[in-house]
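1. Quick one, what's the 3D model for this:
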Amino acid sequence: MALINDTTLRDGEQAPYVAFNTEEKLRIAILLDACGADELEIGIAAMGVKERQDIKELLSLGLKARMMTWNRMKMEDLEASLSCGIKAVDLSIPISDILIDVKFGGSKAKVLSELECVVTAAKREGLFVCIGGEDSSRGTHEFIRDVMELSRECGASRFRYCDTIGVMTPTQMYQKIKSLSDLNLLPIEMHTHNDFGLANANALSGIDAGAIGLNTTVIGLGERAGNASFEQILMALKHLYGEARPIDPVQLRELVHTVATAAKVDLAANAPIVGERIFAHESGIHADGMMKDSHAYEPYEACEVGLESSYPIGKHSGSATIRYHLSRMGISADNGILSDLLPKIREIVTSRKRVLESYELKSLYQDAVCL
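-> Got it, this is the predicted structure:
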């Protein structure tokens with residue numbers, strides 16, 4: 001199965017205007033663990049005393065998921081993480097020329113030298129080390145190969161391929177990861193951003209090409225347009241990749257709403273997996289199909305994510321929907337009356353921009369019967 005490393009507590013919290021308190025972090029970590037995250041990236045120890053205190057509290061939870069911190073490839077960052085008692089680290093290094101120029105004065109030799117120094121020190125402390133290849137998608141294949149070779153020699157266990165500003169397409173991503181995977185140097189983890197709405201697709205393309213894991217955040221929270229979405233990736237791995245992943249709908253919904261509340265983010269009604277309206281069928285053709293077979297227009301059962309299928313009475317509703325609602329109120333509908341009602345319903349809904357409630361439909365029907 002693909003490994004899910006969730007970074008809601010690190011990259012998710014780096015989203016503009018977002019700040020989690022300690023209680024929120026602990027609850028999010030517990031729920032992520034319960035919902036099937038394999039690893040959690042829980043913060044940046046170098047940020048200061050309070051962050052290190054939070055990291056220690058998170059570690060004390062004793063969760064099944066492996067916990068790791070994010071670090072620059074600097075000794076002071078590593079030392080800050082070690083002071084927390086962490087056993088796994090992501091050590092981030094720039095890969096693209098533009099970021100090497102910004103952070104290392106353009107010297108790839110300095111990048112590699114710093115990598116060798118810090119990774120060697122981390123391994124001397126017995127840490128699990130993931131190399132975070134910042135801006136890998138704008139780096140050259142040759143330099144990524146050099147980084148992966150040196151990282152393996154120093155004892156690193158994994159390489160994180162980062163599409164830091166979200167500029168890859170799924171086809172490009174597949175080709176890049178396939179070429180790196182074929183080198184057989186280090187297992188590859190995907191870290192994708194959603195600037196063009198392709199974070200999920202790019203992460204899964206990486207898995208298709210040989211990557212062993214991927215980073216997510218709950219509701220895709222993160223820098224700019226965010227990251228690959230935990231709940232969407234989780235369900236995709238279960239249903240589209242056939243992975244045996246038991247999912248508790250109550251805990252999943254609690255996780256999503258906990259993060260959204262803590263981040264002060266409103267969930268879209270049509271958000272995949274968690275949107276309140278994603279199992280609402282207004283179109284007459286779709287509603288009729290669903291009433292005949294619950295799999296007609298839904299890719300998985302609504303109850304898997306704590307929701308229910310519904311049939312709102314709207315502009316595009318057909319006679320099957322009207323009959324369904326009247327039947328639930330004990331009314332056996334007359335076909336002729338239904339035909340007359342549909343145009344009236346569409347006019348009402350269009351003018352007021354709101355669907356009919358069942359009691360309103362009942363009143364309309366009874367008035368039509370009396371005419």
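
2. Which residue ranges of the stretch 101-250 of the chain form strands?
-> With DSSP state E, counting those that start in this stretch, the ranges of strands along the stretch 101-250 of the chain come out as 128-134, 158-163, 188-192, 213-216.

3. how much space is there between Ser151 and Cys84?
-> Between Ser151 and Cys84 the computed distance is 23 Å (C-beta to C-beta, to the nearest Å). (Each C-beta comes from the backbone N, C-alpha and C, glycine too.)

4. what about the two, which has more around it?
-> Ser151 (25 against 21; other C-beta atoms under 10 Å).

5. bridging residues for Gly133?
-> Ile93, Tyr161 (DSSP bridges).

6. Please tell me the pLDDT value assigned to it.
-> The score at Gly133 is 98. That number is its pLDDT.

7. mind listing what the spatially closest residue to Ser151 that is not a sequence neighbour touches?
-> Leaving out its chain neighbours, the residue that sits closest to Ser151 by C-beta to C-beta, 6 or more residues apart in numbering is Ile131, at 4.6 Å. Contact analysis of Ile131 by C-beta atoms under 8 Å, 6 or more residues apart in numbering lists 90-91, 93, 115, 119, 147-148, 151, 156, 158-160, 186.

8. Then Pro246?
-> Gly36.

9. if we can go back for a sec, just the buried residues from the contacts of Ile131, in ChimeraX please.
-> Those of these that count as buried under 16 or more other C-beta atoms under 10 Å are selected in ChimeraX with:
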select :90,91,93,115,119,147,148,151,156,158,159,160,186
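
10. Now flag whichever of the contacts of Ile131 is closest to Ser205.
-> Closest approach between those and Ser205, by C-beta to C-beta: Arg160, at 15.7 Å.

11. any idea how far Cys130 is from the closest one?
-> 6 Å.

12. what do you get for Glu13?
-> 19 Å.

13. Save the contacts of Ile131 as TSV, and put in distance to Ala19 and pLDDT too.
-> Shown next, in TSV, are these (distance: C-beta to C-beta, whole Å; pLDDT from 0 to 100):
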residue	distance to Ala19	pLDDT
Asp90	21	98
Leu91	25	98
Ile93	27	98
Leu115	31	98
Val119	31	98
Val147	33	98
Met148	35	98
Ser151	33	98
Ala156	31	98
Arg158	29	98
Phe159	30	98
Arg160	25	98
Leu186	34	98
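
14. Make TSV out of the contacts of Ile131 and add distance to Val369.
-> Shown next, in TSV, are the contacts of Ile131 (distance: C-beta to C-beta, whole Å):
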residue	distance to Val369
Asp90	68
Leu91	74
Ile93	75
Leu115	79
Val119	79
Val147	76
Met148	75
Ser151	77
Ala156	76
Arg158	69
Phe159	71
Arg160	67
Leu186	73
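
15. List just the nearest of the contacts of Ile131 to Asn194.
-> So of those, ranked by how close each gets to Asn194 (C-beta to C-beta), first place is Arg160, at 16.7 Å.

16. how long is stretch 181-195 from one end to the other?
-> 25 Å (C-alpha to C-alpha, to the nearest Å).

17. let me fix that: stretch 72-92
-> 5 Å.

18. still on that earlier bit, residues that sit against both of Arg160 and Cys130, list them.
-> 90, 189.

19. wait, isn't Cys84 in contact with Met47?
-> No: using C-beta atoms under 8 Å, Cys84 is not in contact with Met47, being 11.4 Å away.

20. what pLDDT does the residue positioned nearest the centre of the chain get?
-> What sits nearest the mean C-alpha location of the chain, by C-alpha atoms, centre = their mean, is Ser229, with 1.0 Å. For Ser229, the pLDDT comes out at 98.
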